[in-house]
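In: the sequence and its predicted three-dimensional model are supplied below.
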Amino acid sequence: MPVHNINPIYDAQSEILILGSFPSVKSREGQFFYDHPQNRFWKVLAAVLGTSVPQSHAEKSAFLRAHHIALWDVLISVL
């Protein structure tokens, strides 16, 4: 049974919640949300917010916090 242990990203200033369903194999392997290089999530979010695309996990976490965005999934495992 696939299980993920990617921790949610949020803090007390989070105002927007982006809620996913279950991370892909590549995201679970990379231990970070939307981690597959072909995934457009980070590119689209950066374009919407008018910023450069964050590259590393640390940059992505800082990017989310700077824009008061929280990320989490509704499922922790699937059958």
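Out: All right, it came through fine. Keep in mind that this is a model prediction, so the values were computed, not measured.
In: which ones are touching the most centrally placed residue in the chain?
Out: A centroid search over the chain (Cα atoms, centre = their mean) returns residue 33, at 3.5 Å, as the residue closest to the centre. Counting by Cβ atoms under 8 Å, 6 or more residues apart in numbering, residue 33 makes contact with 6, 9, 20, 23, 27, 41, 60, 71. Using the backbone N, CA and C atoms, a C-beta is placed for each residue, glycine as well.
In: separation between residue 9 and residue 24?
Out: 17 Å (Cβ to Cβ, to the nearest Å).
In: who's in contact with the lowest-mean-pLDDT helix or strand in the chain?
Out: Lowest by mean pLDDT, DSSP states H and E among the helices and strands of the chain is helix 25-30, with a mean of 86. With Cβ under 8 Å, 6+ apart as the test, helix 25-30 has contacts from 2, 4, 6, 33-36, 39, 57.
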